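A.B. asks: my questions concern the predicted model and sequence given below.
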Amino acid sequence: MRWMLAVALASTSFAAFAGVAGPGPGLTGNDTGGIIQWTPETDRIYREIAAAHCARWNRLAGITSVHRAYGEYIGFRCIYDRRFDPRKAGFPLYY
């Protein structure tokens, strides 16, 4: 009986966590790009937000779309700098 209770609690916690995925408030993205929720405050600094996000992976940010309305998003992608050489930077061969 205790085993069944433990399985039920674990599956409930996983199901609750599954609802968190997807676009949330603020910034959502990974190493290839992402989206930023548009607000009048972020309209002034979205380039810096995207650049800081892409800098985690030694990449540059390229803004792809800006929709200036509530509920819309600013899209960006992270691109490699053509001058970046991973071997000279000391990264492994599979980088």
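C.D. replies: Received the coordinates, thanks.

A.B. asks: just list whatever residues bridge to Thr28.
C.D. replies: As for beta bridges, Thr28 partners with Ile35 under DSSP bridges.

A.B. asks: that one touches Ile49, doesn't it?
C.D. replies: No. Using C-beta atoms under 8 Å, Thr28 is not in contact with Ile49; the gap is 11.6 Å. The C-beta positions use only the backbone N, C-alpha and C, and glycine is treated the same way.

A.B. asks: these two: who's more crowded?
C.D. replies: The residue with more neighbours, out of Thr28 and Ile49, is Ile49; 18 against 15, by other C-beta atoms under 10 Å.

A.B. asks: elements contacting the helix or strand that contains Cys54?
C.D. replies: Mapping Cys54 onto the secondary structure by DSSP states H and E places it in helix 42-54. Contacts defined by 3 or more C-beta pairs under 8 Å, 6 or more residues apart in numbering; DSSP states H and E place helix 42-54 against strand 27-30, strand 33-37, strand 60-66, strand 73-79.
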